[in-house]
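Participant: okay, predicted coordinates and the sequence, questions at the end:
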Amino acid sequence: TIAVNEKIYTIHRKVEKYEKKSKGEVSIEAKTHLDFSMYNTVTEETKSLNGTTRNQTDANIRKQFGTVDDFLISSMSSQHGALTFINEGSTKRKEIIAKFLDL
């Protein structure tokens, strides 16, 4: 659960293991259930942000919050200042800027 202003985002991911029997052999597999929703504390409405597939729901989460790499770059930037960015080569700096500007 992540609160941003008047909106509360909830991501619930559940993994269930099961045994699959195929051609006399048993393998253990897993199925993942994913639910992404937003609750507005002002209107008291809950909105599903799920896609039609799990991959689309994951994409919606990345669109809203970014990737783990985005988090690490911004976190390191605030902790270590701009030196990390400045010390990168020009190609890497362009990649970082493009990622944050969603280009």
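Facilitator: On my side now, so go ahead.
Participant: need the strands for the protein, in chain order.
Facilitator: Assigned by DSSP state E, the strands in the chain fall at 2-4, 7-22, 25-40, 45-48.
Participant: do you know which of those strands lies nearest Phe71?
Facilitator: strand 2-4 (11.8 Å; CB to CB). (Glycine included, C-beta is placed from N, CA and C.)
Participant: report the helix or strand with the lowest average pLDDT across the chain.
Facilitator: Every helix and strand of the chain was ranked by mean pLDDT, DSSP states H and E. The lowest is helix 68-80, at a mean of 65.
Participant: the strands of the chain: which one's closest to Ser90?
Facilitator: Across these, closest to Ser90 is strand 2-4 (CB to CB), at 33.4 Å.
Participant: helices or strands up against the closest one?
Facilitator: strand 7-22 (3 or more CB pairs under 8 Å, 6 or more residues apart in numbering; DSSP states H and E).
Participant: could you rerun that using 7 Å?
Facilitator: Packed against strand 2-4, as judged by 3 or more CB pairs under 7 Å, 6 or more residues apart in numbering; DSSP states H and E, are no other helices or strands.
Participant: that one pairs with which strands?
Facilitator: Here strand 2-4 is paired, per DSSP bridges, with strand 7-22 (antiparallel).
Participant: stretch 21-32: how far from the chain's middle?
Facilitator: 28 Å (CA atoms, centre = their mean, to the nearest Å).
Participant: and if you look at stretch 49-61?
Facilitator: That offset, for stretch 49-61, works out to 10 Å (CA atoms, centre = their mean).
Participant: got it, and stretch 36-47?
Facilitator: Distance, stretch centre to chain centre, for stretch 36-47: 19 Å (CA atoms, centre = their mean).
Participant: buried residues in that stretch?
Facilitator: By 16 or more other CB atoms under 10 Å, the buried positions in stretch 36-47 come out as Phe36, Met38, Tyr39.
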